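A.B. asks: no sequence on this one, just coordinates:
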């Protein structure tokens, strides 16, 4: 039998723990529910605090060269990079546009899952799709289109649904970013991907993107609107 | 000729992989070291090691945890190689002020200060959980700890942070 102390100890170790016994206790105990809400508010601040801005310039990626010459070259490259870094810092040039950072992070996430982009007519099993959506408290109406890929992905410290919807224009990736609020729709065109991040009042935002060569003018916005309309929030 | 083309493709692929994971890797290294310049160096050196050891990465989808492990080891190695002067946490905070103060929201500044002061043994599992999305089992594996030990450290990490930020702890359980 779960008691208050055990519940609070567990939830302080992992505020997003969805263990059945914990959930049942929370449902039945108003005090622990209030405690959890307070903790989750702090957790949201903690998550934002950890997302420090990072320098915009690229890290110099070193490649294997052998011997002392390579080590010397690397040392010079490191010194040059440090000097450049110092100049950049001195100039106060830091990444200060969170929305641009969000788009870049969404695009960066794509590199880790190349298999998701396959054109296919095989839908992901309902059970798999529902499991992914359940964690984010949402479901999709049948008119959302055929979902061929569904994964619960780590993104900026949260598990988020990463879906691929097959459309006439090709595969479209949708990421439901309940923890990423944006004020206005933000279009982007980066590293071979074209997309948009649209606000969903009260539920963060949705990122929708296609590979550049598969997207026509207006495709992404149209699909984003369709996906937005087909989501049913369950909380 | 084919080898050369293959080598270029491997290099381009590796470069793309590193660039895509760069924000996460730098943030992880920063919170590990609490020093921006050191974080840049550690990530840079880790990329070198990763490039040399890339054959050991069998599954590209596991690249991120693989690189995070390399960064942790490289960071530890940094202290084996040279002895750093002892610096107070307040000096560290002052040094990293531009980075820590870049947040739009004022109310996260106190958490950042508290994170800087949090002992390594609590900060590291917390970063892995909150920033990197690791499960308790994954943290335990990465830090070579038992599951209960990880949970205890995460509990204490949050308790210390909340206390430092003036949160109400009256309803907290007694350890």
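C.D. replies: Perfect, thanks for sending it. Worth saying up front: this structure is predicted, and the values here are computed from it rather than measured.
A.B. asks: what about the helices in chain B?
C.D. replies: Under the criterion DSSP state H, chain B contains helices at B:2-33, B:36-52, B:63-81, B:89-95, B:97-100, B:109-117, B:120-126, B:136-143, B:147-164.
A.B. asks: Can you check which of those helices gets nearest to residue A:164?
C.D. replies: helix B:2-33 (17.7 Å; C-beta to C-beta). Where you see a C-beta, it was placed from the backbone N, CA and C, and this is true even at glycine.
A.B. asks: Now do the closest one: which elements does it pack against?
C.D. replies: Contacts defined by 3 or more C-beta pairs under 8 Å, 6 or more residues apart in numbering or on different chains; DSSP states H and E place helix B:2-33 against helix A:98-110, helix B:36-52, helix B:63-81, helix B:120-126.
A.B. asks: Show me what counts as buried in that helix.
C.D. replies: B:14, B:17-33 (16 or more other C-beta atoms under 10 Å in any protein chain shown).
A.B. asks: ok and it relative to helix B:36-52, angle-wise?
C.D. replies: Comparing the axes of helix B:2-33 and helix B:36-52 via axes from the mean of the first three to the mean of the last three C-alpha atoms, to 10 degrees yields an angle of 150 degrees.
A.B. asks: can you give me how far helix B:2-33 is from the chain middle?
C.D. replies: From the chain centre to the centre of helix B:2-33 is a distance of 17 Å (C-alpha atoms, centre = their mean, to the nearest Å).
A.B. asks: tell me the mean pLDDT over that helix?
C.D. replies: Helix B:2-33 carries an average pLDDT of 82.
A.B. asks: and residue A:209, what helix or strand is that in?
C.D. replies: According to DSSP states H and E, residue A:209 maps onto strand A:205-211.
A.B. asks: Figure out which of the helices and strands packed on helix B:2-33 is closest to residue A:219.
C.D. replies: Comparison of the helices and strands packed on helix B:2-33 against residue A:219 by C-beta to C-beta identifies helix A:98-110 as nearest, at 16.8 Å.
A.B. asks: Tell me what angle that closest one forms with strand A:205-211.
C.D. replies: Interaxial angle, helix A:98-110 versus strand A:205-211 (the same axes, to 10 degrees): 50 degrees.
A.B. asks: what residue ranges in the chain score low on pLDDT?
C.D. replies: Chain wasn't specified; assuming chain A. A:56-79, A:81, A:83-100, A:112-115, A:214-218, A:235 (pLDDT under 70).
A.B. asks: meant chain B actually
C.D. replies: Those would be B:1-5, B:81-106, if you go by pLDDT under 70 across chain B.
A.B. asks: In chain A, what residue comes closest to chain B?
C.D. replies: Among all residues of chain A, residue A:154 sits closest to chain B, at 3.2 Å; criterion: C-beta to the nearest C-beta.
A.B. asks: And the nearest residue to that residue once chain neighbours are set aside, how far from residue B:24?
C.D. replies: For residue A:154, ignoring the flanking residues on the chain, the nearest one in space by C-beta to C-beta, 6 or more residues apart in numbering or on different chains is residue B:133 at 3.2 Å. Per C-beta to C-beta, to the nearest Å, residue B:133 is found 10 Å from residue B:24.
A.B. asks: now residue A:180
C.D. replies: Residue A:180 is 15 Å from residue B:24, where distance means C-beta to C-beta.
A.B. asks: same deal with residue A:40?
C.D. replies: Taking C-beta to C-beta, one finds residue A:40 at 23 Å from residue B:24.
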